[in-house]
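[1] need coordinates for the below:
(one chain, ligands or ions: 1)
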Amino acid sequence: MRYQAALRSADARPLPLRRMARKEKICRCLEIAPVAPRRIYIRRRYFMQLQRNFRALPLINALWLIGRGAFMGINCTGCRDGSDLDVAFSMAFQPIIDISTGDVFAHEALVRGLSGEGAGHVLGQIKDHNRYAFDQQCRVKAIELAATLFDRQAPTKLSINFMPNAVYEPRACIRVTLATAMKTGFPLDRIIFEFTEDERLDTAHVLHILRTYRDMGFKTAIDDFGAGHAGLALLSQFQPDIVKLDMELIRDIDTNPVKRTIVRHTLAMLNDLGVVPLCEGVETTGELKVLRDLGVRLVQGYVLARPTFESLAATAELDGLFATAA
Ligand SMILES: [Ca+2]
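    Model (predicted):
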């Protein structure tokens with residue numbers, strides 16, 4: 001409400017013409033009706049202060065959407081911060097490399113036990129009663145750890161797996177994520193939300209989440225594309241920033257001409273749609289070389305780096321690997 005009040009009490013003085021384009025862009029982000037842009041006056045000083053503090057217009061946009069959601073009565077009794085979760089866990093990080101430059105594009109946060117046990121150890125304890133709290137705490141832990149581990153000056157992104165069936169209403173359920181990002185100063189446009197489609201999910205619900213997250217300034221990714229139910233039907237209705245090709249398509253692609261054909265055409269399709277492909281589960285230099293020859297830039301897999309517990313993988317040793325694959 002504070003943000004709405006700030007907007008309502010906006011300056012009654014119109015912005016100079018040269019700033020109209022910027023103002024209209026802000027209005028679009030805030031979903032303010034564009035019918036009479038000259039009559040919408042924004043307290044510039046207020047926004048500039050927010051931008052200085054958080055260096056991100058998407059955050060302002062997100063706060064507006066949340067405020068509007070609260071105003072519209074969007075809330076739910078399950079909206080807790082997950083602090084009462086009865087499962088202890090932490091995170092490992094696996095880099096996603098841009099093999100055209102050798103730079104780390106992002107780190108995916110992967111759930112682990114407190115002593116580094118595999119994801120199955122933790123996920124086996126997640127049931128209906130704690131799914132929401134777990135999903136909330138995954139986001140909190142990933143952002144808190146990333147805020148301490150990531151180089152603040154680098155544009156490296158953080159990729160978080162979220163559970164669509166643990167999101168009741170995206171605007172309400174994102175509050176803890178935003179609060180954590182604000183507390184740690186982690187920019188929203190450096191967060192990618194990736195998810196896997198599941199047969200039990202309501203597609204309309206998934207689309208609502210993805211579109212809301214995009215409006216808030218987050219990046220989105222479809223995970224495990226080509227496996228199970230994560231496929232073309234969803235892509236036809238929503239084009240995310242990134243599609244992660246499932247590791248089953250990548251495995252042995254250097255010796256399997258059928259997989260090469262499927263991946264080559266999938267890449268062409270994604271290129272036409274303006275979606276960035278990411279190949280995950282790359283384990284051999286042979287697979288890496290084929291993907292590079294097919295024009296893939298973003299790669300994730302053991303051949304580049306394994307997940308490292310509560311730390312970031314050293315990527316300096318990748319030079320030798322690229323030389324091998326060349
Ligand atoms: Ca994933």
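[2] taking this structure, what residue is nearest to the ion?
    As assessed by CB to the ion, the ion sits closest to Asp223 within the chain, at 4.3 Å. Every residue, glycine included, has its C-beta placed from N, CA and C.
[3] count the neighbours of that residue for me.
    Counted with other CB atoms under 10 Å, residues neighbouring Asp223 total 23.
[4] now Thr184
    14.
[5] and it, what is it in contact with?
    Each residue near Thr184 by CB atoms under 8 Å, 6 or more residues apart in numbering is listed here: Ile143, Glu144, Ala147.
[6] neighbouring contacts of the host helix or strand of the second one?
    Here Glu144, judged by DSSP states H and E, is contained in helix 131-149. Residues lying outside helix 131-149 but in contact with it, judged by CB under 8 Å, 6+ apart, are 78, 80-85, 87, 89-91, 93, 107, 109, 111, 126, 158, 160-163, 165-168, 173, 176-177, 180-181, 184-186, 191, 310-312.
[7] what's the helix or strand just after it in contact with?
    Following helix 131-149 in sequence order, the next helix or strand is strand 157-161 (DSSP H and E). With contacts defined as CB under 8 Å, 6+ apart, strand 157-161 is touched by 96, 105-111, 138-139, 142-143, 146, 150, 186, 190-196, 219, 221, 223.
[8] what mean pLDDT does the next helix or strand after strand 157-161 get?
    Using DSSP H and E, the helix or strand that follows strand 157-161 in sequence is helix 170-173. Mean per-residue pLDDT for helix 170-173: 82.
[9] same for helix 170-173, what does it pack against?
    Helices and strands touching helix 170-173, by 3 or more CB pairs under 8 Å, 6 or more residues apart in numbering; DSSP states H and E, are helix 57-71, helix 203-216.
[10] again, only this time at 10 Å
    Other helices and strands packing on helix 170-173, by 3 or more CB pairs under 10 Å, 6 or more residues apart in numbering; DSSP states H and E, are helix 57-71, helix 131-149, helix 203-216.
[11] so which bits of it are buried?
    Residues of helix 170-173 classed as buried by neighbour count (16 or more other CB atoms under 10 Å): Pro170, Arg171, Ala172, Cys173.
[12] mind putting those residues into CSV with distance to the ion?
    Shown next, in CSV, are the buried residues of helix 170-173 (distance: CB to the ion, whole Å):
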residue, distance to the ion
Pro170, 19
Arg171, 24
Ala172, 24
Cys173, 19
